[in-house]
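In: Predicted model, plus sequence, below.
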Amino acid sequence: MARARVGLRLGASPFFNGLLGALGGAESRANDINEQGQVVGWADTATASARGFVRQNGVITDLNDPLPAGTVWQIGEAFAINDNGQILAVASRFAGGQGGTTAPEQHYVLLTLAP
């Protein structure tokens, strides 16, 4: 079966508080969905910090939650998810901490959902 690409900009949308969910902020965006219905993208937090997320079984989860406390890396957006639960995302490290004036160092990362 062919996979559909999803690109929804949510905010004033009627789906904002229902279908996709949020991480405490005003906006979120879905980038991909797999055959199991798992959705990945980004969502704003209450402090307007964009975070990568996965939505599965009706629950939206910040992909930064499993990272060790005090890490300097932040997963800002998830771009794709395959049917094995592997997620392509981008992680950023900010010089001088979050909100620093220096451009962040960025790397693409491959994350795998635990069964």
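Out: Yep, that arrived.

In: mind listing what's buried in stretch 48-64?
Out: For stretch 48-64, a neighbour-count test (16 or more other CB atoms under 10 Å) marks 49-56, 60-64 as buried. All C-beta atoms are positioned from the backbone trio N, CA, C, and that covers glycine.

In: Same check on stretch 33-48?
Out: Across stretch 33-48, burial judged by 16+ other CB under 10 Å covers Ile33, Asn34, Gln38, Val39, Val40, Gly41, Trp42, Ala43, Asp44.

In: between these, which is closest to Gln106?
Out: Trp42 (13.8 Å; CB to CB).

In: Can you verify that closest one is assigned to a strand?
Out: Yes: applying DSSP: H, G, I helix; E, B strand; the rest coil, one finds Trp42 inside a strand.

In: Among the buried residues of stretch 48-64, which ones are in strands?
Out: When the buried residues of stretch 48-64 are checked against strands (DSSP state E), the matches are Ala50, Arg51, Gly52, Phe53, Val54, Arg55, Gln56, Ile60, Thr61, Asp62.

In: Of the buried residues of stretch 33-48, which pair is most distant in space?
Out: Spatially, the most separated pair among the buried residues of stretch 33-48 is Asn34 and Asp44, at 23.4 Å (CB to CB).

In: related to what we said a few turns ago, where's the dip in pLDDT among the buried residues of stretch 33-48?
Out: Scanning the buried residues of stretch 33-48 for pLDDT, the smallest score is found at Asp44, 86.

In: Pull the number of nearby residues for the residue nearest to it when sequence neighbours are not counted.
Out: Nearest residue to Asp44, sequence neighbours excluded (CB to CB, 6 or more residues apart in numbering): Gly25, at 2.6 Å. For Gly25, the count of nearby residues is 17 (other CB atoms under 10 Å).
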